[in-house]
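Engineer: Provided below are the primary sequence and the corresponding predicted coordinates.
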Amino acid sequence: MNIQKDHVPALMVALLGACTAFQLNASMLSPVLPTIQRDLHTTVVAVGFSQTAFFTSAAIFAVFVPRLSDILGRRRVLLVSLALTTVGSILAAVAPGIGLLCLARVIQGCSGAVIAICLLILRGQVAEPKRYGTLMGVVAAVNGGVAGIDVFVGGWLATHVGFRAVFWVMVVVGAIATGLVARIAPESRPSAGTPMDWSGVVALALAVACLLLALNEAAKLAAAKWWQVAVFAIASVGAFVSFYQNERRAQHPLVRPAQLRDRGTWAVLLTTTLTLAGIFAAINGVVVSDAQDAKAGLGLSADTTSVVLLTPYALIGWAVGPLAGRFAPTWGYRRILRIGLVGSIVALAWIAMVGLHSLPMLVGGSLLLGIAYAGMANIMLNGLAVALSPPDRPGFLPGFNSGAFNLGAGLSFAILPAIQTIIGGSNGDAAGYAGAVALGVVITAAALGVSYLIPRPALIEVREPVGLADG
């Protein structure tokens with residue numbers, strides 16, 4: 001089924017609804033975490049684990065669900081993902097304690113592949129590079145926040161109603177998105193009849209889960225059980241080796257070993273993981289904590305933090321994203337990615353040096369980060385994964401890249417707060433916040449270096465004006 005040009009706006013409504021349902025799960029809680037800690041009478045570590053649980057689950061589902069959608073149908077798999085996520089939101093809204101909340105966040109992680117599947121559906125319906133780039137920018141911009149509305153509403157509800165209202169909003173949006181996709185989205189099965197490599201899926205899922213569990217335990221620092229860290233780390237390595245061996249033997253592997261060794265695969269995945277590890281918790285965790293810290297930070301409320309920091313960050317990313325996508329086919333996807341990463345490094349360095357002590361400076365740093373990361377780097381990473389995925393497995397690289405987004409976010413929440421505690425102490429200190437953001441600068445610089453190994457995606461770039469697409 002091929003959607004005609006005048007029907008594409010309706011498709012965009014459905015895809016944006018689905019992406020919004022996922023993104024609310026990922027970003028709406030950013031200003032709400034301190035409220036959850038207080039209302040459930042739990043600890044910072046426990047609340048942080050609920051975030052890690054979500055991103056671990058999202059990373060696991062993301063790596064195989066897009067490939068499953070190639071086989072079973074993209075519309076069908078997208079509907080199931082949205083329905084399960086809505087169920088998880090209901091459980092989170094009624095959770096009496098942190099244990100059930102963590103389980104609910106795992107179920108919400110079923111939405112981890114939503115943006116990848118939406119981009120695959122869009123790519124199948126819009127062939128013209130410039131138009132696809134613009135629309136891709138609109139869809140992928142949701143990955144940086146829902147135009148700031150999510151964090152604003154999340155912060156306001158946390159302050160005036162309570163954290164449970166945030167999850168009920170997710171329930172309503174999830175139900176609406178499911179209805180839109182069911183009514184509007186086309187069905188496509190590019191790999192219909194191909195068996196799913198379930199043994200490979202299990203091995204890879206274990207590798208990702210054990211890695212994040214090891215990092216989460218290590219983030220407890222003095223309270224960490226280091227023998228558990230070692231066991232999880234060894235199990236992760238063993239599971240990945242098992243996955244690689246399985247892919248060598250499988251008749252229909254999730255990914256061919258040659259594709260794993262290709263720079264078009266590992267360079268994209270490593271760049272995405274490092275980018276998220278350096279940036280995600282810096283803006284959504286460390287900066288938010290500093291803004292709300294009455295002793296060492298700025299002492300803002302949750303809703304004020306959303307209005308002055310997170311909402312402008314997401315809004316400007318939303319505005320820049322379609323422009324970045326529009327110019328990517330001529331300027332070069334990799335060139336815009338690198339500009340975004342350089343801008344992100346500058347923004348994080350600015351925040352670490354002067355932003356944490358001054359609200360105007362912090363607002364300026366978050367705005368620059370919104371332009372550079374949410375509006376540029378994030379969009380290009382999504383686009384490159386779709387463009388560089390092999391034709392015989394179009395869902396493979398977007399799926400793995402979605403997993404890398406979630407893996408990087410989970411790593412970020414495990415590593416940066418740990419550094420904040422090591423430097424600033426358990427009671428919080430300004431030096432701890434600065435040290436955590438400074439580490440984000442170093443990790444993002446590593447992402448910039450790896451980005452130079454990504455090959456050019458020729459099929460979605462055009463050669464006008466001459467010389468600009470060589471990035």
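Structural biologist: Structure received.

Engineer: can we go C-alpha only for contacts and neighbour counts from here?
Structural biologist: OK.

Engineer: ok, W168 to V307 distance?
Structural biologist: Per CA to CA, to the nearest Å, W168 is found 21 Å from V307.

Engineer: care to break this structure down by domain?
Structural biologist: In the domain annotation for the chain, the residue ranges read 5-196+252-470, 197-251 (automatic domain parsing).

Engineer: Would you map the helices across the stretch 351-471 of the chain?
Structural biologist: Using DSSP state H, counting those that start in this stretch, the helices of the stretch 351-471 of the chain run over residues 359-369, 378-388, 396-424, 430-451.

Engineer: check which helix or strand covers the residue lying closest to L368 once chain neighbours are set aside.
Structural biologist: Closest residue to L368 apart from its sequence neighbours, by CA to CA, 6 or more residues apart in numbering: A347 at 5.7 Å. With the criterion set as DSSP states H and E, the secondary-structure element containing A347 is helix 333-353.

Engineer: got it, and G137?
Structural biologist: If you go by DSSP H and E, G137 is part of helix 129-141.

Engineer: try G174
Structural biologist: When secondary structure is defined by DSSP H and E, G174 falls within helix 163-184.

Engineer: For that helix, buried residues please.
Structural biologist: 163-171, 173-182, 184 (16 or more other CA atoms under 10 Å).

Engineer: pLDDT score for the nearest residue to W168 once chain neighbours are set aside?
Structural biologist: The shortest distance from W168 to any residue other than its chain neighbours is 6.1 Å, reached at A93 (CA to CA, 6+ apart). In this prediction, A93 carries a pLDDT score of 92.

Engineer: phi, psi of A93?
Structural biologist: Note on A93: backbone dihedrals following degrees, to the nearest 10 are phi -70, psi -30.

Engineer: number of nearby residues for it?
Structural biologist: Applying other CA atoms under 10 Å, we find 20 other residues in the vicinity of A93.

Engineer: ok, it touching F167?
Structural biologist: Yes. Shown here, A93 and F167 form a contact pair, counting by CA atoms under 8 Å, at 5.1 Å.

Engineer: how close does the residue nearest to L368 sit to G424?
Structural biologist: 22 Å.

Engineer: more neighbours, those two?
Structural biologist: When neighbours are counted by other CA under 10 Å, A347 and G424 differ, and A347 comes out ahead with 24 against 19.

Engineer: Can you point out the buried residues in stretch 80-94?
Structural biologist: 81-93.

Engineer: circling back to that earlier point, next, the contact list for the residue nearest to W168, please.
Structural biologist: Contact criterion CA atoms under 8 Å, 6 or more residues apart in numbering gives 164-168 as the residues in contact with A93.

Engineer: likewise L215?
Structural biologist: 229, 411, 414-415.

Engineer: shaky segments in the stretch 151-300 of the chain?
Structural biologist: Applying pLDDT under 70 to the predicted model, the residue ranges of the stretch 151-300 of the chain that meet it are 151, 219, 221.

Engineer: try 90
Structural biologist: The stretch 151-300 of the chain contains residues with pLDDT under 90 at 151-163, 185-186, 188-195, 208-229, 248-261, 280-281, 283-286, 288-300.

Engineer: what about the helices in it?
Structural biologist: Defined through DSSP H, counting those that start in this stretch, the helices belonging to the stretch 151-300 of the chain, from first to last, are 163-184, 198-218, 226-249, 257-261, 263-281, 287-292.

Engineer: pull the CA atoms of the shortest one into PDB?
Structural biologist: Extracted C-alpha coordinates of helix 257-261, given in PDB (Å, rounded to 0.1, in the frame of the first residue of the first chain):
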ATOM      1  CA  PRO A 257      28.300 -11.300  11.400                       C
ATOM      2  CA  ALA A 258      29.700  -9.400   8.400                       C
ATOM      3  CA  GLN A 259      27.100  -6.600   9.000                       C
ATOM      4  CA  LEU A 260      28.200  -6.400  12.700                       C
ATOM      5  CA  ARG A 261      31.800  -5.900  11.600                       C
END
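
Engineer: What are the buried residues along that helix?
Structural biologist: P257.

Engineer: How much space separates P390 from L276?
Structural biologist: For P390, the distance to L276 equals 24 Å [CA to CA].

Engineer: So for these two, which residue has more residues nearby?
Structural biologist: Neighbours were counted for P390 and for L276 using other CA under 10 Å; L276 has more, 27 against 16.
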